[in-house]
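In: please work out how this folds:
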Amino acid sequence: MTVTYVIEGSEVTGLERFWELIGEAVNGPGGYFGRGLDSFADCLSGGFGTPDDGDFVIEWRDHTASARALGHEETARRLEALLGRAHHTNRARIERELAEARAGRGPTLFDQLVGIVEEETGPGTLLLR
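Out: Prediction:
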């Protein structure tokens, strides 16, 4: 039986709120389902609340509101935070990505999250409503 996890996109006000909402959708109030892009990908691979057989759907309602909240401005905010603690070998890449985000170009956090779900799960797992 397919399990459906619902994200109310109108409640996504930024990346931190997204982590709270996906954690609660999968694991209940106060639940954890990643707090970073890599840990989110790991959680999607199984063992963190989703069915062992991988038979689940993430229904992302009002995803256009989330796309706005997780757009270039929020992407730049995340990259600024990363830059302060980045290894010197990664600084140039992060600075380039930050310049692109500030200019309103390049992939957004929303794009990255959607890409991670599509990459880590089977077709049809993510339903954008």
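In: and residue 123, what's its pLDDT?
Out: For residue 123, the model assigns a pLDDT of 90.
In: what number of residues lie near it?
Out: 6 (other Cβ atoms under 10 Å). In this view, the C-beta of every residue, glycine as well, is placed from N, C-alpha and C.
In: cool, and residue 5?
Out: By other Cβ under 10 Å, neighbour count at residue 5 equals 19.
In: repeat that for residue 113.
Out: If you count neighbours by other Cβ under 10 Å, residue 113 ends up with 24.
In: and the one 5 residues further on, by the same measure?
Out: Per other Cβ under 10 Å, the neighbour tally for residue 118 reads 13.
In: same question, residue 27
Out: Count around residue 27 with other Cβ under 10 Å applied: 16.
In: what sits against the residue nearest to it when sequence neighbours are not counted?
Out: Nearest residue to residue 27 in three dimensions, chain neighbours excluded: residue 49, at 4.3 Å (Cβ to Cβ, 6 or more residues apart in numbering). Counting by Cβ atoms under 8 Å, 6 or more residues apart in numbering, residue 49 touches 26, 27, 31, 33, 43.
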